[in-house]
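Chemist: Whatever this is, show me its structure:
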Amino acid sequence: MDNQITSLVHILLVEDNEGDILLTLEAFEECKVKTEISVVKNGQEALDFLFQRGEFTNAEKPDLILLDINIPIFNGHEVLERIKSDSNLKKIPVIMLTTSSNQKDLDKAYGNHCNSYIQKPLEISEFLIAILKIEEFWLELSTLPD
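Modeler: Next up is the predicted model:
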């Protein structure tokens, strides 16, 4: 646990909403753990980033993925399914961070082996608290795979 606090944690944020991107980046600035956050805005960019294709050939493999469901081109479920079916990516924890409270989305996400499903709070202050709780659990308490 101590080595994670002193080392940099790379997070891939897959989100198309500019407001949510800014809030997430702002919240992680408040975290105790040093983070580097890469942002992609659709499912195609997420897959290109993870598989180091196109403009992302030099992308570093993330330690944690925050994935929205409602994103363009490939939705979050499709991206999650590809991540968890790839032997080089499947160990990366994926947190579905979405506005969807739909039980089908929840079931499908866990069926595709997401590690956590968090419904985005609508209030800004609660959204910031949710990000800090993600940091507390995933970056401080948990040990991420290499």
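
Chemist: Tell me which other helices or strands whatever helix or strand Ile37 lives in touches.
Modeler: Under the criterion of DSSP states H and E, Ile37 resides in strand 35-40. In terms of contacts (3 or more C-beta pairs under 8 Å, 6 or more residues apart in numbering; DSSP states H and E), strand 35-40 is packed against strand 9-14, helix 18-29, helix 43-50. For every residue, glycine as well, the C-beta is placed using N, CA and C.

Chemist: what's the spacing between that strand and its chain's center?
Modeler: 9 Å (C-alpha atoms, centre = their mean, to the nearest Å).

Chemist: What pairs with that strand, parallel or antiparallel?
Modeler: Within its sheet, strand 35-40 is paired with strand 9-14 (parallel), according to DSSP bridges.

Chemist: relative orientation of the partner strand and helix 18-29 in degrees?
Modeler: 170 degrees (axes from the mean of the first three to the mean of the last three C-alpha atoms, to 10 degrees).

Chemist: pLDDT (mean, whole number) over strand 9-14?
Modeler: The average pLDDT within strand 9-14 is 95.

Chemist: how much does that strand deviate in direction from helix 43-50?
Modeler: When the same axes, to 10 degrees is applied, the directions of strand 9-14 and helix 43-50 differ by 160 degrees.

Chemist: Tell me where the protein has helices.
Modeler: For the chain, applying DSSP state H gives helices covering 2-6, 18-29, 43-50, 76-84, 103-111, 124-134.

Chemist: contacting residues for Asn75?
Modeler: 43, 69 (C-beta atoms under 8 Å, 6 or more residues apart in numbering).
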